[in-house]
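Asks: my questions concern the predicted model and sequence given below.
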Amino acid sequence: ATFLFHSFEKMVFQRFVEVGRLALVNTGDLEGKLCVIVDVIDQRRALVDGPTTGVPRQALNFNDMSLTDFKIALPPQARTRTVRRRMEKSDALDKWSKTSWAQKLHQRTTRKNLTDFERFKLKMLKQKRARIVRTAMKQIRKESA
C-alpha cells in the first residue's frame, strides 16, 4: 500500500512579477521612486513606467527594483496615458505612503538632508528627552523602593 502525502502549505512568495505590479527602484538616479511594471521583456528585465512619480518609460532590470504588495489593473503593454489614468484612479500610491517601508524611506531621506545646525538641534532635543525620561525613572524607582 502506497501513501501519497499532499502538502497544502501556504505559498512562500506573495509578490509576483506581473503587469500592473508597483515596484520601487533601488539604484541609479531614480532610486526611491515608484514605477509600474507594464510588460515583462525577459527573465531579467521588465518595461516599467511611472508617469505620476517621475520614472520615464524604460526597461529596468529586476535586480534594480523591489516589488511591493500593491497592484494596479492594467492591460499588457499599456500606454503611458493609460498608466497615468489608472495610477491616479487607484489608491495604491496613498496606501504605499502609509506603509512602514515608505515611512522608513521618507525618514531616511529627511535625515540625510539635514543641515549641520539641524543635526545639532536634533541632538539637543534628544538630550532633553533623555533627561526627562531619566528623572521620571528615578522618581518611579524612588516611589517603588
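Replies: Arrived safely.
Asks: now the lengthiest helix in the chain: mean pLDDT?
Replies: With DSSP state H applied, the helix covering the greatest number of residues in the chain is identified as helix 116-144. The average pLDDT within helix 116-144 is 96.
Asks: centre of the chain versus it, how much separation?
Replies: The chain centre lies 32 Å from the centre of helix 116-144; the measure is Cα atoms, centre = their mean, to the nearest Å.
Asks: and it, what does it pack against?
Replies: Judged by 3 or more Cβ pairs under 8 Å, 6 or more residues apart in numbering; DSSP states H and E, helix 116-144 has no packing partners among the helices and strands. Just so you know, the C-beta spots here come from the backbone N, C-alpha and C atoms, and that holds for glycine as well.
Asks: what helix or strand is the spatially closest residue to Q14 that is not a sequence neighbour on?
Replies: If the residues on either side of it in the chain are set aside, Q14 comes closest to D69, at 7.3 Å by Cβ to Cβ, 6 or more residues apart in numbering. Using DSSP states H and E, D69 maps to strand 65-71.
Asks: how close does the residue nearest to L114 when sequence neighbours are not counted sit to T135?
Replies: Taking Cβ to Cβ, 6+ apart, and ignoring the residues beside it in sequence, L114 has L122 as its nearest neighbour in space, at 7.0 Å. As judged by Cβ to Cβ, to the nearest Å, L122 and T135 stand 21 Å apart.
Asks: just confirm M11 is within a helix.
Replies: No. In this structure, M11 is coil, not part of a helix, as judged by DSSP: H, G, I helix; E, B strand; the rest coil.
Asks: neighbours around it, how many?
Replies: 6 (other Cβ atoms under 10 Å).
Asks: over to it: give its phi and psi.
Replies: When quoted as degrees, to the nearest 10, the phi and psi of M11 stand at phi -60, psi 150.
Asks: ditto for D39
Replies: Here the main-chain torsion angles of D39 (degrees, to the nearest 10) amount to phi -160, psi 150.
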